[in-house]
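Colleague: based on what follows, work out the 3D shape:
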Amino acid sequence: MNSPQIAKLRQQHQQLLHSHFTRPAELIQWMGCVQAQDYAGAKWAIGNRVQGSTDASIEKDFNEGRLLRTHVLRPTWHFVAPEDIGWMLQLTAPRIKAFNKRLHEKLGISEKDLHRSRTILGQALSDQPFLTRTAILPLLHKAKINTDDIRLGFLLMDAELEGLICSGPRQGKQFTYALLANRAASTPILERDEAIAQLTLRYFRSRGPATVTDFQWWSGLNMADIKTGLVLNKTALHHIVTNGQAYWFTREEPVKPAPATLLLPAYDEYAVAYKDRSDILPATKMAETGYGIFKPVIVVNGQVVGTWSRKESRTGVEVSTQMITPGSKTTRVLEAAISSYAAFLGKNKKEMA
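Modeller: Next comes the predicted model:
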């Protein structure tokens, strides 16, 4: 199996070539979760993978709680399905909390501060179901809890990792927090091995072919847990050894989809789900494309070939492109991809730069 074949299967399994899903929540469950610190970009990541979805329809699902946004896996935001948030937090939160503890010490955040802030948040959100960060700040100040610099973010993340709070609906452009118990009334908790097996299966079925090192990077699990996950999924997953590495994926027979040209957002799972991105991006082009992660990228036939940026107005969107191969030009299929993006936003496409 060579890099183009790996890239093709990844696109297929990530639902980028022909999606099986018509609802965002179904996709999120299939993939386990989707990185979402860039909220607008994360909605477009879903839009690329769910038939007929729009920015407005995904926003509606988010506001109504069909998608939740919280810190899980690595210490960053992800979209998670309400049905999965409980067992996923139980599995991954302890590792994130251990990582954060060192930062808490540097910032002077004590266990007492964390406990008091959780108590205040729990009481406040029992009285008022949704609160913005702006509304939360004076409550913590009144209790003389230091929220300077980035401390507020760590206090809120701790409450998320404890399973106390998660995302509420947006108020205008502001995010709110809500009690997790109110947003996900029935969130099953799995035995540890079952949770490991679930996360392992969801990663490799939706992102394979991938290596165990890729999975460790994405999930934050240790290698012992990953080996357990592979054993528990031995009938569902298999691997092929290429260049001395085992690439794991499901046993499904691959189809032969048509080549695709895609505009992917920053932090899209097509890049961020893998520690090694050499199968989709040459090593010499990593820096100028933000390592395939930190900038929105253009993907043609599975390979990153450039970056793009947008400039929005009330009714229109202008997309600028920067190709990484000298002499390469934008094409009609790229213009079609830009038109799809504009349609997703519900805006007119302005002349491409």
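
Colleague: determine the longest helix present in this structure.
Modeller: Across the chain, the helix with the greatest residue count (assigned by DSSP state H) is helix 85-107.

Colleague: what's that helix packed up against?
Modeller: Contact partners of helix 85-107 among helices and strands, from 3 or more Cβ pairs under 8 Å, 6 or more residues apart in numbering; DSSP states H and E: strand 68-72, helix 151-161, helix 192-207. The C-beta positions use only the backbone N, C-alpha and C, and glycine is treated the same way.

Colleague: can you give me the strands in the stretch 151-300 of the chain?
Modeller: 165-167, 176-179, 237-242, 245-250, 261-264, 297-300 (DSSP state E, counting those that start in this stretch).

Colleague: could I get the longest strand along the chain in CSV with only the CA atoms?
Modeller: Longest strand of the chain, by residue count under DSSP state E: strand 303-312. What follows is strand 303-312, C-alpha atoms only, in CSV (Å, rounded to 0.1, in the frame of the first residue of the first chain):
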residue,chain,number,x,y,z
GLN,A,303,-2.8,15.4,-1.3
VAL,A,304,-2.5,18.8,0.2
VAL,A,305,-1.6,21.2,-2.7
GLY,A,306,-2.2,24.6,-1.2
THR,A,307,-3.9,26.8,1.4
TRP,A,308,-6.9,29.1,1.4
SER,A,309,-8.4,31.9,3.3
ARG,A,310,-11.8,33.6,3.4
LYS,A,311,-13.1,37.1,3.7
GLU,A,312,-16.8,37.3,4.5
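
Colleague: and the gap between residue 222 and residue 240?
Modeller: 24 Å (Cβ to Cβ, to the nearest Å).

Colleague: for residue 69, same thing?
Modeller: In terms of Cβ to Cβ, residue 69 sits 35 Å off from residue 240.

Colleague: is it true that residue 207 touches residue 10?
Modeller: Yes: applying Cβ atoms under 8 Å, one finds residue 207 in contact with residue 10, separated by 6.5 Å.

Colleague: quick revisit: now the strands of the stretch 151-300 of the chain in CSV, with mean pLDDT, distance to residue 216 and mean neighbour count?
Modeller: Below are the strands of the stretch 151-300 of the chain laid out as CSV (pLDDT from 0 to 100; distance: least, Cβ to Cβ, whole Å; neighbours: other Cβ atoms under 10 Å):
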stretch, mean pLDDT, distance to residue 216, mean neighbour count
strand 165-167, 98, 25, 26
strand 176-179, 98, 30, 22
strand 237-242, 94, 15, 15
strand 245-250, 95, 12, 20
strand 261-264, 96, 23, 22
strand 297-300, 95, 23, 24
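
Colleague: where in this protein is pLDDT low?
Modeller: Residues of the chain that meet the criterion pLDDT under 70 lie in 252-258, 326-330, 351-353.

Colleague: one more time with 50
Modeller: 353 (pLDDT under 50).

Colleague: can I see the domain layout of it?
Modeller: The chain breaks down by automatic domain parsing into domains covering 3-19+31-183, 192-250, 261-349.

Colleague: redo these as JSON lines? Include distance to residue 25.
Modeller: Formatted as JSON lines, these follow (distance: least, Cβ to Cβ, whole Å):
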{"stretch": "domain 3-19+31-183", "distance to residue 25": "5"}
{"stretch": "domain 192-250", "distance to residue 25": "14"}
{"stretch": "domain 261-349", "distance to residue 25": "16"}
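
Colleague: quick revisit: identify whichever of the strands of the stretch 151-300 of the chain lies nearest to residue 212.
Modeller: strand 245-250 (7.2 Å; Cβ to Cβ).

Colleague: only alpha carbons, please: show the closest one as CSV.
Modeller: This file holds the C-alpha atoms of strand 245-250, laid out as CSV (Å, rounded to 0.1, in the frame of the first residue of the first chain):
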residue,chain,number,x,y,z
GLN,A,245,4.8,0.3,9.9
ALA,A,246,1.4,-1.4,10.5
TYR,A,247,-1.5,0.5,9.1
TRP,A,248,-4.9,-0.5,10.7
PHE,A,249,-8.3,-0.1,9.2
THR,A,250,-11.6,-1.9,8.9
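
Colleague: same for it, what does it pack against?
Modeller: helix 3-13, helix 192-207, helix 212-219, strand 237-242.

Colleague: dump the second one to PDB, restricted to CA.
Modeller: Spelled out, that is helix 192-207. Output of helix 192-207 as PDB, limited to C-alpha atoms (Å, rounded to 0.1, in the frame of the first residue of the first chain):
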ATOM      1  CA  ARG A 192     -13.000   0.800  30.900                       C
ATOM      2  CA  ASP A 193     -12.100  -2.000  28.400                       C
ATOM      3  CA  GLU A 194     -15.400  -1.500  26.600                       C
ATOM      4  CA  ALA A 195     -14.700   2.300  26.300                       C
ATOM      5  CA  ILE A 196     -11.200   1.600  25.000                       C
ATOM      6  CA  ALA A 197     -12.600  -0.800  22.500                       C
ATOM      7  CA  GLN A 198     -15.200   1.700  21.300                       C
ATOM      8  CA  LEU A 199     -12.700   4.600  20.900                       C
ATOM      9  CA  THR A 200     -10.300   2.300  19.100                       C
ATOM     10  CA  LEU A 201     -12.900   1.000  16.700                       C
ATOM     11  CA  ARG A 202     -14.300   4.500  16.000                       C
ATOM     12  CA  TYR A 203     -10.900   5.900  15.200                       C
ATOM     13  CA  PHE A 204      -9.700   3.200  12.800                       C
ATOM     14  CA  ARG A 205     -13.000   2.700  11.000                       C
ATOM     15  CA  SER A 206     -13.300   6.400  10.300                       C
ATOM     16  CA  ARG A 207      -9.700   7.400   9.900                       C
END
